[in-house]
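Asks: Model the structure of this input:
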Amino acid sequence: MRTFNDMLDKQMQDDEFRKEYEAIQPEMDVIRAIVDARNSQNLTQKELAERTGINQADISKIENGTRNPSLNLLKRLADGMGMALKIEFVPKQRA
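Replies: Below is the predicted model:
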């Protein structure tokens, strides 16, 4: 049985696929961080919406990757979860 990682490893051998995959990683990292933080506190999207004043549909769109959040919106989400927002620049990894 093939796992996701097996399939991803195979696809990453294709230069075009790898470039596209790497290009979306920052967005995916933001989505993953929001979902992980919300889940770590056992919060539903609705509960987070109530805490932040952000429409639940907008939170859903962010988590589904169909809306790019502003820095201000990310700060409001972090504050609603009792967290601070940390953004950093890191060196690119060379292949």
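
Asks: remind me which residues of the protein are low pLDDT?
Replies: Within the chain, the stretches with pLDDT under 70 are 95.

Asks: hmm, 90 instead?
Replies: Along the chain, segments meeting pLDDT under 90 span 1-2, 4-5, 22, 92-95.

Asks: tell me the contacts of the residue positioned nearest the centre of it?
Replies: Nearest to the geometric centre of the chain sits I31, at 1.3 Å (C-alpha atoms, centre = their mean). I31 is in contact with I62, E63, G65, counting by C-beta atoms under 8 Å, 6 or more residues apart in numbering. From N, CA and C alone the C-beta is placed, and that goes for glycine too.

Asks: How many neighbouring residues does I59 have?
Replies: Other residues lying near I59 total 23 when counted by other C-beta atoms under 10 Å.

Asks: In contact with it: list those residues for me.
Replies: Q45, L48, A49, L77.

Asks: Any buried residues in stretch 78-93, and which?
Replies: Residues of stretch 78-93 classed as buried by neighbour count (16 or more other C-beta atoms under 10 Å): A78, G80, M81.

Asks: could you redo those as CSV and give each row secondary structure?
Replies: Formatted as CSV, the buried residues of stretch 78-93 follow (DSSP: H, G, I helix; E, B strand; the rest coil):
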residue, secondary structure
A78, helix
G80, helix
M81, coil
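
Asks: for those, which one is nearest I54?
Replies: The closest of the buried residues of stretch 78-93 to I54 turns out to be G80 (C-beta to C-beta; 7.6 Å).
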